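Asks: got a predicted model here, sequence first, then my questions.
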Amino acid sequence: MDAIQKRMLEAVADLHEIPSGAYNIRENGKSIGRQSSENIEIVPKQDKDGIDIYIKPGTKNESVHIPVLLSQTGFTETVFNDFHIGEDCDVLIVAGCGIHNSGKGESKHDGIHTFYVGKNARIRYVEKHYGEGDGNGKNVMNPTTVIEIEEGGRMEMETAQIKGVDSTDRKTVAKLADGASLVIREKLMTHGEQYAKTDFTVDLNGEDSSANVVSRSVAKDKSYQVFYSRINGNNRCNGHTECDAIIMDDAKVSAIPEITAASVDASLIHEAAIGKIAGEQLIKLMTLGLSEKEAEEQIIQGFLK
Amino acid sequence: MLELKNVSYEVDTEGGTKEILKNINLTIDDGFVAITGPNGGGKSTLAKIIVGIYEATDGQILFNGEDITHLSITERAKKGIGYAFQQPVRFKGITVSDLLTLAAGRKLSVAETCAFLSEVGLCARDYINREINASLSGGELKRIEIATVLARETPFSVFDEPEAGIDLWSFNNLIAVFEKMRDKCRGSILIISHQERILNIADKIVVVADGRLKQVGTKDEVLPTLLGGTGSPCKTLLDKITQ
Ligand SMILES: Nc1ncnc2c1ncn2[C@@H]1O[C@H](COP(=O)(O)OP(=O)(O)OP(=O)(O)O)[C@@H](O)[C@H]1O
Ligand SMILES: [Mg+2]
């Protein structure tokens, strides 16, 4: 692996070396390393770009890493990855995409990830998006996440985009059966003239299903963020969505939460707050000897931690 | 060490300018000084002017002989002025140990962090990784605020009503903290307080009322007049009380 590859793998998947367990590393449209394990099988798709990941029922404490790197300027791709997670599993899935674009062309990765979470399975899904490059070429990522959770299943999704992605349209749709639960934590920071749209739709179809969708974001410079979050309560269920944004400079942020109850036993809450960094927070840190800029950085770093 | 010369502070309000502090002349030498006086008298405003949160509209502030009247908050902090807020600030995501590290300006060992927290009566194990957010109680927040100033180890520290919101048992410990600070203090501590027990351990008491310096002296000089009652409430209020 060269230095760029190493840095990108670290940024998107916290990987310092080839991971243990199952993995697939994709670079510029080709797999540059793949390994299945006894319980986790990775199979390339025949009809389109992407892979199927089969996780045997009952697989516990195992992980799958499937980072994607784009280092060739102007490279564009659409990839379909399907995760078939057997009953009673307890696994960690780490995806993520890094673009290193040092040319003029627009580099673009559209990833469609579909999760079939079996009965009583638990998964933690971590996804990071990161871009860098010294050219003028734009880095574009449009991740789509489709989630279906069967009875009693639970999914925790952590998604972060902190740097270097010029344009992103992040779409997540989820359907939950009886007793299923979903937690989504999004962290987003945009700067320059970046654009980021987040769009969550969760259908709480099952009895006692629950969803908690939380987004924290910071919009700097002239960037623009739009946050949609829709929760539909179609049964006895609990849904909560929260968007908390810090706005700076000449940025713009829209938060559009939408909750719909189609059952008298649905309990749904939405919260949204947008505001600048509180002046007294800056003052407190300045009385500790930090400059205004340093204080700002500490506050943002804490907020997005 | 700190000298206020003719310091005034005015703000613009709808009804014209309002003088909040008028011609304050005060020298704070090494030791333990308490500021007291009625609510709204101007104590916190004076503290904020010393720290640099407000800039005096008139007069001069000298710190160790150097004119700091127009220095920023950061510059004054770096020169060794510490400040504990009357109403501490909450942060999302910043933990107690993060804040103490920032305050100390260097990496703190767990043992050091523990020492600062136990100083203010908090068990480090329960608090070190707590976020300084809305989940902390008022008293907890207040103690962490005091700990951040302890961690700075500044030669000049200002505490604005440190005892407010702290329960009785902890109050005794807090007094002990300040007594200890006074004993090993090589600089000055300025405490704004309404508590007789804090005034009692002060080397000097300053009374601020109605934006003016009313009295400066030792506790034997000041306490009797204080408790005897100074200041005259407005007529409406007096009538209400005597009814
Ligand atoms: N920006 C402002 N505009 C108008 N009035 C102000 C402003 N800032 C402070 N004041 C007034 O100045 C006075 C002094 O306030 P300050 O907070 O310094 O009082 P204090 O002595 O600390 O009172 P307390 O004991 O209640 O803490 C108060 O009457 C307050 O309402
Ligand atoms: Mg006050």
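Replies: All right, it came through fine. Ligands and ions are numbered 1, 2, ... in the order given.
Asks: any idea of the pLDDT on residue 226?
Replies: Picked chain A for this. Predicted confidence (pLDDT) for A:V226: 97.
Asks: that's the wrong chain, I meant chain B
Replies: In this prediction, B:L226 carries a pLDDT score of 79.
Asks: how many neighbours does it have?
Replies: Counted with other C-beta atoms under 10 Å in any protein chain shown, the neighbours of B:L226 add up to 18. In this view, the C-beta of every residue, glycine as well, is placed from N, C-alpha and C.
Asks: name the element it belongs to?
Replies: Secondary structure assigned from DSSP states H and E places B:L226 in helix B:219-228.
Asks: ok, residues contacting that helix?
Replies: B:36, B:196, B:199-200, B:202, B:205, B:207, B:215-216 (C-beta atoms under 8 Å, 6 or more residues apart in numbering or on different chains).
Asks: near ligand 1, which residues of chain B show up?
Replies: Residues of chain B found near ligand 1 (C-beta under 6 Å from any ligand atom) are B:11, B:13, B:18, B:20, B:39-45.
Asks: now the residues you listed: which count as buried?
Replies: With burial judged by 16 or more other C-beta atoms under 10 Å in any protein chain shown, the buried subset of the residues of chain B next to ligand 1 is B:20, B:41-45.
Asks: going by distance to chain A, which of those wins?
Replies: B:S44 (13.1 Å; C-beta to the nearest C-beta).
Asks: ok, that closest one - contacts?
Replies: By C-beta under 8 Å, 6+ apart, the contact set of B:S44 is B:86, B:160, B:192.
Asks: which residues pair with the closest residue to the first one other than its chain neighbours across the strands?
Replies: Okay, so that is B:Q86. Take B:Q86 and drop its neighbours on the chain: the residue closest to it by C-beta to C-beta, 6 or more residues apart in numbering or on different chains is B:D160, 3.8 Å away. For B:D160, the beta-bridge partners under DSSP bridges are B:I192.
Asks: and what of A:M157?
Replies: The partner residues for A:M157, given DSSP bridges, come to A:Y125, A:I184.
Asks: that one: neighbour count?
Replies: So A:M157, with other C-beta under 10 Å, has 22 neighbours.
Asks: tell me the pLDDT of A:C97.
Replies: 91.
Asks: measure A:D203 to ligand 2 for me?
Replies: Per C-beta to the ion, to the nearest Å, A:D203 is found 52 Å from ligand 2.
Asks: now do the SS call for that residue.
Replies: Secondary structure assignment for A:D203 (DSSP: H, G, I helix; E, B strand; the rest coil): strand.
Asks: for it, give me its contacts.
Replies: A:173-176, A:232, A:234.
Asks: can you pick the most crowded of the residues you listed?
Replies: Greatest neighbour count in the contacts of A:D203, by other C-beta under 10 Å, goes to A:L176: 30 neighbours.
Asks: what bridges to that one?
Replies: A:I149, A:L204.
Asks: same question, A:V213
Replies: A:V213 forms beta bridges with A:I184, A:T241, as assigned by DSSP bridges.
Asks: and for residue 187, the neighbour number?
Replies: In the absence of a named chain, chain A is used. Counted with other C-beta under 10 Å, A:K187 comes out at 18.
Asks: the chain in question should be chain B.
Replies: 20.
Asks: nearest residue to it other than its sequence neighbours?
Replies: B:P155 (3.2 Å).
Asks: shouldn't the one you found be in contact with B:L190?
Replies: No - using C-beta atoms under 8 Å as the test, B:P155 is too far from B:L190 to be in contact (11.7 Å).
Asks: in terms of neighbours, single out the busier of the two.
Replies: Applying other C-beta under 10 Å to B:P155 and B:L190 shows that B:L190 carries more neighbours, namely 26 against 18.
Asks: next, that one: secondary structure please.
Replies: strand.
Asks: once you drop chain neighbours, what's closest to it?
Replies: B:V158 (4.7 Å).
Asks: A:L282 now?
Replies: A:A295 (4.8 Å).
Asks: quick one, what contacts the one you found?
Replies: By C-beta under 8 Å, 6+ apart, the neighbours of A:A295 are A:281-282, A:285-286.
Asks: any chance of these in TSV with secondary structure, pLDDT and neighbour count as columns?
Replies: TSV is the format used below for these (DSSP: H, G, I helix; E, B strand; the rest coil; pLDDT from 0 to 100; neighbours: other C-beta atoms under 10 Å in any protein chain shown):
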residue	secondary structure	pLDDT	neighbour count
A:Q281	helix	97	21
A:L282	helix	97	22
A:L285	helix	98	27
A:M286	helix	98	23
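Asks: would you state the strands of chain B in chain order?
Replies: Residue ranges of the strands in chain B, as given by DSSP state E, are B:2-13, B:16-28, B:31-36, B:58-63, B:66-67, B:81-84, B:156-160, B:188-192, B:204-209, B:212-217.
Asks: out of those, which is closest to B:R130?
Replies: B:R130 lies closest to strand B:81-84 among the strands of chain B, at 18.4 Å (C-beta to C-beta).
Asks: surely A:T198 is in contact with A:R230?
Replies: No - with contact defined as C-beta under 8 Å, A:T198 does not count as touching A:R230 (11.4 Å).
Asks: of the two, who's got more company?
Replies: A count of neighbours by other C-beta under 10 Å puts A:T198 above the other of A:T198 and A:R230, at 24 against 19.
Asks: and the residue lying closest to B:S118 once chain neighbours are set aside, how far is that from A:L182?
Replies: Using C-beta to C-beta, 6+ apart and skipping residues adjacent in sequence, the residue nearest B:S118 is B:A124, 6.4 Å away. To A:L182, B:A124 is 36 Å away according to C-beta to C-beta, to the nearest Å.
Asks: neighbour count for the two, which is higher?
Replies: The neighbour comparison of B:A124 against A:L182 (other C-beta under 10 Å) goes to A:L182, with 26 against 18.
Asks: please name the residues that touch the closest residue to that one other than its chain neighbours.
Replies: Nearest residue to A:L182, sequence neighbours excluded (C-beta to C-beta, 6+ apart): A:A211, at 4.6 Å. Contact analysis of A:A211 by C-beta under 8 Å, 6+ apart lists A:174, A:176, A:181-184, A:202, A:204, A:231, A:237-241.
Asks: report pLDDT for B:L238.
Replies: The model reports B:L238 with a pLDDT of 64.
Asks: for B:T230, that is, sorry about that
Replies: 47.
Asks: quick one, what contacts the residue of the stretch 201-305 of chain A found nearest ligand 1?
Replies: Distances between the stretch 201-305 of chain A and ligand 1 by C-beta to the nearest ligand atom are smallest at A:G279, namely 13.2 Å. By C-beta under 8 Å, 6+ apart, the contact list for A:G279 is empty.
Asks: perfect, that will be all.
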